[in-house]
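Asker: got a structure for you, letters missing:
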C-alpha cells in the first residue's frame, strides 16, 4: 500500500470511529434513552400526573424543565413540568433508566442527575451493566435550607464509577429511602458528565494526517 493511501485510509477510519462515538451524544453528553422500570406512584410535580408509556420522555434526553435556566423549575407560566419522581408519602418508589451507549469510567465523575428534592429527602443510586446485578454508587440526601433540599431548585447530583470498578454502565436506578413529609424527589434528566467533543478529536486527527501527508509529498519530491 502506498504511504499516502495508507494515511488516507487511517484518516477515514479515525473519522468513522469519531462518528460512531458521537452517535448517542447531544451537547457533549450521553443522555438516558429509555425508562425501563418504575413504580406506580412515579409522577410529575404539581399536576400529580402518573408516569406512563406516553410520558416517560419527561426524564429522557437533555434537561428541559427549567425553561429560562435560572435554576428554579416551578415558575408558573414559564417552566415546563417535565420532571418525574415521588411526593411525600409513597414508600418503596424507584425509577430505572437505560443508556443505549454505555456510560464509561472517565476522569472525574461519570454520571450526573439533574434534579431537585425536599429537605428531608433521601434516595440511593445504583448502576448496572445488565439490569440484574446492581452496585450502589452513592446517595442523594436533602438538607433544610440548602441545595439539594430546596424544592424546585435544580442541582446536579454527580457520581464516580471508579472506586466501584464499573466501566460499562447501561442502567441507573434511583430508589427511595426516606418517606414522609418533605421527602419528595424529582428528576429532569440522567446523563454522562460532559466529555471532549469527538468531532473535534476527529478534526485534530485529520489535520495531523494532512500535515503528515504533505511532509511525505515534499520528501518524495526532494529525493
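Answerer: Received it, and whenever you're ready, just let me know what you need. Keep in mind that what you see is a predicted model, and the values were worked out from it rather than measured.
Asker: mind listing what the longest strand seen in the chain pairs with, with the direction of each?
Answerer: Identified as the longest strand of the chain according to DSSP state E is strand 94-103. Strand 94-103 pairs in its sheet with strand 34-38 (antiparallel), strand 169-176 (antiparallel), by DSSP bridges.
Asker: how about the contacts made by the most centrally placed residue in the chain?
Answerer: Against the mean C-alpha coordinate of the chain, by Cα atoms, centre = their mean, the closest residue is residue 191 at 0.3 Å. Contact analysis of residue 191 by Cβ atoms under 8 Å, 6 or more residues apart in numbering lists 29, 30, 31, 32, 62, 111, 112, 114. C-betas here are computed from N, CA, C, even on glycine.
Asker: rewinding a little: now the longest strand of the chain: buried residues?
Answerer: 94, 95, 96, 97, 98, 99, 101, 103 (16 or more other Cβ atoms under 10 Å).
Asker: can I see the domain layout of the chain?
Answerer: 1-27+196-223, 29-195 (automatic domain parsing).
Asker: dump the ones you listed into JSON lines; add mean pLDDT as well.
Answerer: Listed next are the domains of the chain as JSON lines, based on pLDDT from 0 to 100:
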{"stretch": "domain 1-27+196-223", "mean pLDDT": "46"}
{"stretch": "domain 29-195", "mean pLDDT": "94"}
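Asker: looking at those domains, which is buried most?
Answerer: domain 29-195 (a mean of 18; mean count of other Cβ atoms under 10 Å).
Asker: how far does that domain stretch from start to finish?
Answerer: Criterion Cα to Cα, to the nearest Å; first-to-last residue distance in domain 29-195 is 6 Å.
Asker: starting at the chain centroid, how far to it?
Answerer: Distance of domain 29-195 from the chain centroid (Cα atoms, centre = their mean, to the nearest Å) equals 10 Å.
Asker: what about residue 186, which SS state?
Answerer: strand (DSSP: H, G, I helix; E, B strand; the rest coil).
Asker: quick one, what contacts it?
Answerer: 44, 45, 83, 84, 85, 86, 115, 116, 117.
Asker: of those residues, which belong to strands?
Answerer: Per DSSP E, the subset of these in strands is 84, 85, 86, 115, 116, 117.
Asker: dump these into CSV; add distance to residue 155 as well.
Answerer: Formatted as CSV, the ones in strands among the contacts of residue 186 follow (distance: Cβ to Cβ, whole Å):
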residue, distance to residue 155
84, 17
85, 14
86, 18
115, 7
116, 7
117, 9
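Asker: specify which member of those residues is nearest to residue 137.
Answerer: residue 115 (15.3 Å; Cβ to Cβ).
Asker: find the nearest non-adjacent residue to that closest one, please.
Answerer: Nearest residue to residue 115, sequence neighbours excluded (Cβ to Cβ, 6 or more residues apart in numbering): residue 187, at 4.6 Å.
Asker: for the one you found, give the beta-bridge partners.
Answerer: In beta-bridge terms (that is, DSSP bridges), residue 187 pairs with residue 84, residue 115.
Asker: shouldn't residue 58 be within a helix?
Answerer: Yes. Looking at residue 58 with three-state DSSP, it is inside a helix.
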